[in-house]
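Enquirer: how does the following fold in three dimensions:
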Amino acid sequence: MEYRKDIVQAIVSRQLAKHGRELDAGEPVGYVITDFYNKRAQKRAVAIDLLKDHDYDVRKYSEMLVDSANTILNPFGVTDPLQMRIN
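Expert: Presented below is the predicted three-dimensional model:
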């Protein structure tokens with residue numbers, strides 16, 4: 001299967017293909033975001049199977065955490081989870 005987009009899943013699928021592992025359509029793939037905003041697509045993520053000495057992208061995971069918190073807490077009237085105080 002050939003991937004033409006630079007979404008994280010496609011990047012990781014290409015990495016795995018270079019190492020001889022072809023994925024079937026719809027097959028889940030584990031990865032870690034290493035540098036999501038890097039101009040070089042291949043530097044944005046790494047497949048779990050290929051993970052060695054890579055760091056993860058703290059900025060992107062922080063953004064994803066805040067987005068998730070907003071989704072969960074907004075129905076309860078919490079509009080800014082970063083300003084939320086727990087009593």
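
Enquirer: give me the below-cutoff pLDDT ranges for this structure.
Expert: Applying pLDDT under 70 to the chain picks out residues 1-5, 53-54, 81-87.

Enquirer: just the helices in it please.
Expert: Along the chain, counting by DSSP state H, helices occupy 8-18, 58-73.

Enquirer: those helices: which one's closest to residue 50?
Expert: Each of the helices of the chain was scored for nearness to residue 50 using C-beta to C-beta, and the closest is helix 8-18 (5.9 Å). In short, each C-beta sits where N, CA and C put it, glycine included.

Enquirer: who does that closest one touch, helix- and strand-wise?
Expert: Applying 3 or more C-beta pairs under 8 Å, 6 or more residues apart in numbering; DSSP states H and E, one finds that helix 8-18 makes contact with strand 31-33, strand 45-47.

Enquirer: name the helices or strands packed onto the first one?
Expert: So that's strand 31-33. helix 8-18, strand 45-47.

Enquirer: now do the contacts for the nearest residue in space to residue 38 that is not next to it in sequence.
Expert: Counting by C-beta to C-beta, 6 or more residues apart in numbering, residue 38 lies nearest to residue 44, which is 5.3 Å off, once chain neighbours are set aside. Contacts of residue 44 were listed using C-beta atoms under 8 Å, 6 or more residues apart in numbering, and they are 6, 8, 11, 33, 34, 35, 36, 37, 38.

Enquirer: of all those residues, which two lie farthest apart?
Expert: Maximum pairwise distance among those (C-beta to C-beta): 14.1 Å, between 6 and 34.

Enquirer: comparing those two, which residue is more hemmed in?
Expert: Shown here are residue 6 and residue 34; by other C-beta atoms under 10 Å, residue 34 has more neighbours (18 against 12).

Enquirer: separation between the more buried one and residue 27?
Expert: According to C-beta to C-beta, to the nearest Å, residue 34 stands 21 Å off from residue 27.
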